[in-house]
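[1] One predicted model, sequence on top.
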Amino acid sequence: MARSSAEDVELRRACAAAIAGSGGKDEQIALSIRVAKGRGIFEKLGRLAEPRVLAITTKRSARSQKTKTFIRVLKYSSGAGLESTKLYKLKHLAKLEVVSNDPSGCTFIMGFDNLRSQSVAPPQWTMRNIDDRNRLLFCILNLCKEILAKLPKVVGIDIVELALWAKDNTPSITTTTQATTNKSTNNTEEERNENNGDEIAEYYTEREIKVGSVSVEKDLLNSQDEEKEEDLEALLGTYLMGIGEADAFSERMKQELIALEAANVYSILETEPLIDEVLQGLDAATYCVDDIDEWLQIFNVKLRHMREDIASIESRNNSLEQVSDNCKVLIDELDILLTHLRIPPEFSASLTNGSFEEKRMLKNVEACEWLSNALRNFDNSNLDPIYANLRAVRERREELEKLKIIFVKRATDFLRNYFATLADFMLTDKTYFTQFRGQLKRPDHADLRFKCRTYARLLQHLKSLDKNSLAPLRKAYCHSLNLLLRREAREFSNELRTSTKTPKNTQAFMDGASGNSLDTSMVSEAYSNMLRIFIPLLVDESSFFAHFMSFDGIDSKDDDDDLELMDIEGNDVKSNSATEIDALNEALKDLLDGIQEDFYAIVDWAYRTDPLRCISMYGLTERYLSGQKADSSGFVRKLLDDLSSNISAHFNKFIDDACIKYERYERNIRPPVGVLPYMATFVNHAARMEQYIQGQSRDMVDKGYAKLVAAMFATLENIADSDSKSADIVRIENYAAFQNSLYELANAVPSLAKFYHLASESYEQACTNLTSSIINLQFERLFGFHMRVQEEMLYTKNAEEIPFRQGLSKSDLRKILKYTFSSLDKSINGMYKRLQKSLPTQELFPSIWEKCKREFLVKYEAFVDMVTKIYGTKESLTPVSDMKEFLDSFT
């Protein structure tokens, strides 16, 4: 016997995963088995049964502590997995009925009392064999009895046979337990843990089946015994006998049975003559039937011949109808082919000799559309291979090609001359360029574009007829319009510079001394006007050119319906290939090349007027550059990018010149140095730079700050190093002046704050060097002794040996202390006056004197600690606190 799918462990695991995925994580599977789902009427119509899996599950409610039972229907998904499709509650199961039409008895129906539509036939479930059917039914009946305490109605099933099957096929508990025991003895502890779950599940499932089957058998048999008892009581009720008269009742039943048998024999003997007559009639009918059968055979032969004749006639008629239909189709195809072969005379005239005037452009466009359609119809991909080899088709195709070549040449020559004529007319029109003088209006190309739009459709058809024909037309259009745009830009730039009044003293901006009193905002306004007028004009011209010259799929803001790109069939073109964009950029270079010179002239003029205006011009340029996103603005983006580089180069030139000017102070300075002049110059430049910053010019300005400050500090260090006596004084004066003048800007600008802190560190270092040198000069013997002791400690591990070294004995220490403290007030006063005399300005003296006192106290405290540690005496030393009070008295 083949293994049942109910014993398939992999199937059970797949069912558990599918049920858990559909929200039934707490459900336990009692039985899972493969079935076939079908409906009787649909199978007759040819629809095949669908494979399904029925899973009987139980779930214990945590709230009510009751066990619920379900029947889940699972189907196979596209990924060869299982997914839950139906869920039936077992408490609503009312009937189990075996279908009588299935002779195998493997098909049954489950009837539920809660279905919405009872008129729809319930699904039929077909098992592989009777064993699978009985196993599923017994599992259902067992759960109904044990959990629900009721049984559904069973129809079409022999209960006795079902009970005998359950008795024979239910496995025993001892066998399963023994098998589990044997398996456990053979496996290791780890293998037993891995397989333990499956064996226990199988054990309890088989045990439940056995116990349930026995109880179900008893219930079904008891129900049949009750029915027999009821029938027996009804039979006894027809006789008036007591309970103890069983023998009399049995005798009476025998007598009645003998009487019934005698009556049957008598009736049979009475009906014998009738039976003979019936037999004679049957014999006569048999003879008639034989005669009719012979006649029917004769008629059948004749009908067969007639059917053969009719089939032959129908075959000939079908052949004739097919020939007739083929002839009609052939005539229609020939009519269509003749239509394609015909060249309308009006289109031929327009293509070969027609005029290209504006009033005749509609006819020319119609002729182009007809020619495009005709060429497309005669293309090998659209033409039947049978027609492609016809001589008439080949000749007509050659004639159409000649028409195309003639028309393309005529249209190309006309448009090339037309573009040149339009541009020359505007260049020679004196009234057109007089509008720039004193008014600075934007050039008006509306009339030019209107005239060009008349031939937009013609250009699109030329592209569909011959893609190579647009290359010379694009070059001619670019050359003509380039002359016009360059003339307009030159006139506008000259008038812009002429009408703008600028300051005459431009050297003041380089010196930074009197630059704040001069207003140069008109320079930035002039550059802004140049960008505001010509950048939108160049973008519009680029967009118009891209659409007018039929570049495929170029993004633009131009919504003109006359310039909308379409293919031969009238569909919008959406492709955007890199080849088309490269070709457009090359054409735009020819269209706009040379106009950047007028922008450069404005930038050079603005730089000569006020170099720091490069900052505001750079910000304006970057703002316009960030707004150019369309594919047709490629050259405009390049123009703005070049302008940004040019402005940045001018600004860097100004920074380099300023750095060179700072470095000249190193060669020309003479003592006394004082505060270097370029400190104030840098602050003035920084203040004006911050006023001009716009948009993305911050990075450029910060880089300029870094170069200027680096040059300033490097020059200051070189000047200070050239005079070693006053080096610290020079550093202190200049770094202090730099901090004082840059304080307000440093609080507002982070990049300047970095340089402010750098100057502050250098100032502190210079102050420390100055105070240390003055202290060491006034107390040379005292702190010199300290330095010699520290040097000896580097080479001596034991500090007790130092007092025995030459020059470092206790007597030497007493001499130094006596000398120092005998004239302490004189030495402190000398240090005070020396520091006061060293500083050229008294504004810095109080803060530096405080630094000097702190430095002296630090050194003196270290000396006291050294003496205490090595020489072990403090009697002859002045305490640090008294020394601090003594120093505070000098104010």
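    On my side now, so go ahead. Numbers count the residues shown, from 1 in each chain.
[2] for the helix or strand hosting F635, the distance to its chain's centre please.
    Using DSSP states H and E, F635 falls within helix 634-668. On the basis of Cα atoms, centre = their mean, to the nearest Å, helix 634-668 sits 42 Å off its chain's mean C-alpha point.
[3] Isn't A759 up against A737?
    No. A759 lies out of contact with A737 (Cβ atoms under 8 Å); the separation is 9.4 Å. To be clear about C-beta, it is placed using only N, CA and C from the backbone, and glycine gets the same treatment.
[4] Please say which of the two ends up with more neighbours.
    A759 (23 against 19; other Cβ atoms under 10 Å).
[5] Strands of the stretch 51-200 of the chain, start to end?
    Here the stretch 51-200 of the chain has its strands, by DSSP state E, counting those that start in this stretch, at 67-76, 82-89, 93-98, 107-112, 124-126, 153-155.
[6] most packed of the ones you listed?
    Of all the strands of the stretch 51-200 of the chain, strand 124-126 carries the top mean neighbour count, a mean of 21, counting by mean count of other Cβ atoms under 10 Å.
[7] Which pLDDT value does the model give E780?
    Here the pLDDT value assigned to E780 is 71.
[8] buried residues in whichever strand or helix holds Y705?
    Under the criterion of DSSP H and E, Y705 resides in helix 698-722. Buried residues in helix 698-722, counted by 16 or more other Cβ atoms under 10 Å: 698, 700-702, 704-705, 708-709, 711-713, 715-717, 719-720.
[9] Report the two of the residues you listed separated the most.
    R698 and A720 (32.3 Å; Cβ to Cβ).
[10] quick one: stretch 310-330 to chain centroid distance?
    63 Å.
[11] Please enumerate residues in contact with it?
    The contact list for stretch 310-330 (Cβ atoms under 8 Å, 6 or more residues apart in numbering) is empty.
[12] Can you get me a residue count around D641?
    Count around D641 with other Cβ under 10 Å applied: 14.
[13] residue contacts, the closest residue to it other than its chain neighbours?
    Nearest-residue entry for D641: L625, 6.4 Å, with adjacent residues in sequence omitted and distances by Cβ to Cβ, 6 or more residues apart in numbering. Residues in contact with L625, defined by Cβ under 8 Å, 6+ apart, are R637, L640, D641, S644.
[14] and the residues you listed, which are buried?
    Applying 16+ other Cβ under 10 Å to the contacts of L625 flags R637, L640, S644 as buried.
[15] tell me which residues in the helix or strand where K754 lies are buried?
    Under the criterion of DSSP H and E, K754 resides in helix 750-778. By neighbour count on 16+ other Cβ under 10 Å, the buried set for helix 750-778 is 751-752, 755-756, 759, 762-763, 766-767, 770-772, 774-775, 778.
[16] ditto for stretch 583-593
    Of the residues in stretch 583-593, those buried (16+ other Cβ under 10 Å) are A583, L584, N585, A587, L588, D590, L591, L592.
[17] Tell me which of those residues fall in helices.
    A583, L584, N585, A587, L588, D590, L591, L592 (DSSP state H).
[18] Please name the nearest non-neighbouring residue to the third one.
    Okay, so that is N585. Nearest non-adjacent residue to N585 (Cβ to Cβ, 6+ apart): G634, at 4.6 Å.
[19] State the pLDDT value of that neighbour.
    74.
[20] so the helix or strand the residue nearest to D641 falls within versus helix 634-668, what angle?
    Element membership of L625, judged by DSSP H and E, is helix 614-626. With axes from the mean of the first three to the mean of the last three Cα atoms, to 10 degrees applied, the angle from helix 614-626 to helix 634-668 works out at 160 degrees.
[21] residues of helix 614-626 that come out buried?
    C614, I615, S616, M617, Y618, G619, L620, T621, E622, Y624, L625.
[22] That helix vs helix 698-722, what angle?
    Using the same axes, to 10 degrees: helix 614-626 against helix 698-722 is 150 degrees.
[23] quick one on the thing from earlier: which one among the ones in helices among the buried residues of stretch 583-593 gets closest to S493?
    L592 (15.0 Å).
[24] mind listing what the nearest residue to that closest one once chain neighbours are set aside touches?
    Nearest non-adjacent residue to L592, counting by Cβ to Cβ, 6+ apart: F635, 5.2 Å away. For F635, the contacting residues are L538, S542, N585, L588, K589, L591, L592, by Cβ under 8 Å, 6+ apart.
[25] Distance check, F635 against F414.
    28 Å (Cβ to Cβ, to the nearest Å).
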